[in-house]
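K.L.:
give the three-dimensional model of this entry:
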Amino acid sequence: MGRLVTVLSEAFPQDTAYIRELGMAQAVCLLMDGKPVEAEFYVRDLVTVPEFAQRASFVKACARLESNQLGSAAELFDGLEKDESFPYRDGIRGLGSEIRRNPSIGTKSPGLAMVFSAVLPGSGQAWAGMTFDAVQNFAFCGMLGYGSFAAWEYERSRDHAPTVYILPAVLTAVFATFYTVNIINAWNSTQRSNQFARSRHLDGIMSRLEPALSDNAYLFRMTEMTATTTGGIR
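P.N.:
Numbering: from 1, shown residues only. A predicted model of the protein is given here:
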């Protein structure tokens, strides 16, 4: 559709309002498609056009929210809340404050999780809330660590036989590998946990925006423009 907007802009330069509506429609479609950066690109100029400013600001605020630019998203929602003509003003009341109230969501330190797992395998994953990863790493490292210890003890206890350290050495090497992977996994698990937390928080906020995002009559005015624009596209 972006290419279509460009072509129509060149073919019908006199229909500025119609082309702007196409750009607005493109922005909404991109936002719904999970492409907030591209959506914001299409409304960057519309926020200064009076007849588009409110809708463009709403789309821009949603785009900033989805791209995790929480501070600027909160400011935009504050502005919409003060706009008495915004039809969904009650639905977003206090939304800016809610966004600002939760700056610590999804900010657990992956580095700290690595330290925990270095001390006790799986503890960093457990601290991050990734229970399955925690159990898995604790179990593997525990079994391999015990196996390595038992193998070394067995070799040392063989008083009247030649000492062969191949098995203990192999088990120790495997344990060291899993122990290292456990530490790296603590970082990855914390990153995933942070992402999940931010996604859940974002989903809760976006649910309040759903009535406006699903109101095609408010967001899309192509039919109205077609009926009122003279010399438009045929």
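K.L.:
could you measure from F86 over to L120?
P.N.:
The gap separating F86 from L120 is 53 Å, by CB to CB, to the nearest Å. To be clear about C-beta, it is placed using only N, CA and C from the backbone, and glycine gets the same treatment.
K.L.:
so what does the longest helix seen in the chain touch, helix or strand wise?
P.N.:
When the chain is parsed with DSSP state H, its longest helix is helix 166-213. Applying 3 or more CB pairs under 8 Å, 6 or more residues apart in numbering; DSSP states H and E, we find helix 166-213 packed against helix 16-32, helix 50-66, helix 95-101, helix 110-119, helix 123-128, helix 131-156, helix 216-219.
K.L.:
could I get those helices as TSV with mean pLDDT?
P.N.:
Formatted as TSV, the helices and strands packed on helix 166-213 follow (pLDDT from 0 to 100):
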stretch	mean pLDDT
helix 16-32	83
helix 50-66	89
helix 95-101	82
helix 110-119	94
helix 123-128	94
helix 131-156	91
helix 216-219	80
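K.L.:
quick one: which of these is nearest A74?
P.N.:
helix 95-101 (4.0 Å; CB to CB).
K.L.:
may I see the helices and strands packed on helix 166-213 organised as a markdown table, with distance to Y165 and mean neighbour count added?
P.N.:
Output for these, formatted as a markdown table (distance: least, CB to CB, whole Å; neighbours: other CB atoms under 10 Å):
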| stretch | distance to Y165 | mean neighbour count |
| --- | --- | --- |
| helix 16-32 | 62 | 20 |
| helix 50-66 | 57 | 21 |
| helix 95-101 | 59 | 17 |
| helix 110-119 | 26 | 17 |
| helix 123-128 | 31 | 24 |
| helix 131-156 | 6 | 16 |
| helix 216-219 | 72 | 14 |
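K.L.:
could you dump the ones you listed to a markdown table with distance to E75?
P.N.:
Listed next are the helices and strands packed on helix 166-213 as a markdown table, based on distance: least, CB to CB, whole Å:
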| stretch | distance to E75 |
| --- | --- |
| helix 16-32 | 18 |
| helix 50-66 | 8 |
| helix 95-101 | 7 |
| helix 110-119 | 29 |
| helix 123-128 | 31 |
| helix 131-156 | 37 |
| helix 216-219 | 21 |
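K.L.:
so which of the ones you listed is nearest F196?
P.N.:
Per CB to CB, nearest to F196 of these: helix 123-128, 9.8 Å.
K.L.:
so F86 and L120 - more neighbours on which side?
P.N.:
Taking other CB atoms under 10 Å, F86 and L120 do not tie; F86 has more neighbours (19 against 15).
K.L.:
dump the residue contacts of the residue lying closest to the more buried one once chain neighbours are set aside.
P.N.:
For F86, ignoring the flanking residues on the chain, the nearest one in space by CB to CB, 6 or more residues apart in numbering is L80 at 5.0 Å. Residues in contact with L80 (CB atoms under 8 Å, 6 or more residues apart in numbering) are Q54, S57, F58, A61, F86, R89, I92.
K.L.:
using CSV, write out every CA atom in the helix or strand encompassing Y42.
P.N.:
Using DSSP states H and E, Y42 maps to helix 36-43. What follows is helix 36-43, C-alpha atoms only, in CSV (Å, rounded to 0.1, in the frame of the first residue of the first chain):
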residue,chain,number,x,y,z
PRO,A,36,5.1,0.5,14.8
VAL,A,37,8.2,2.2,13.3
GLU,A,38,6.8,2.1,9.8
ALA,A,39,3.3,3.2,11.1
GLU,A,40,4.8,6.3,12.7
PHE,A,41,6.6,7.2,9.5
TYR,A,42,3.3,7.7,7.7
VAL,A,43,1.8,10.0,10.4
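K.L.:
cheers, nothing more for now.
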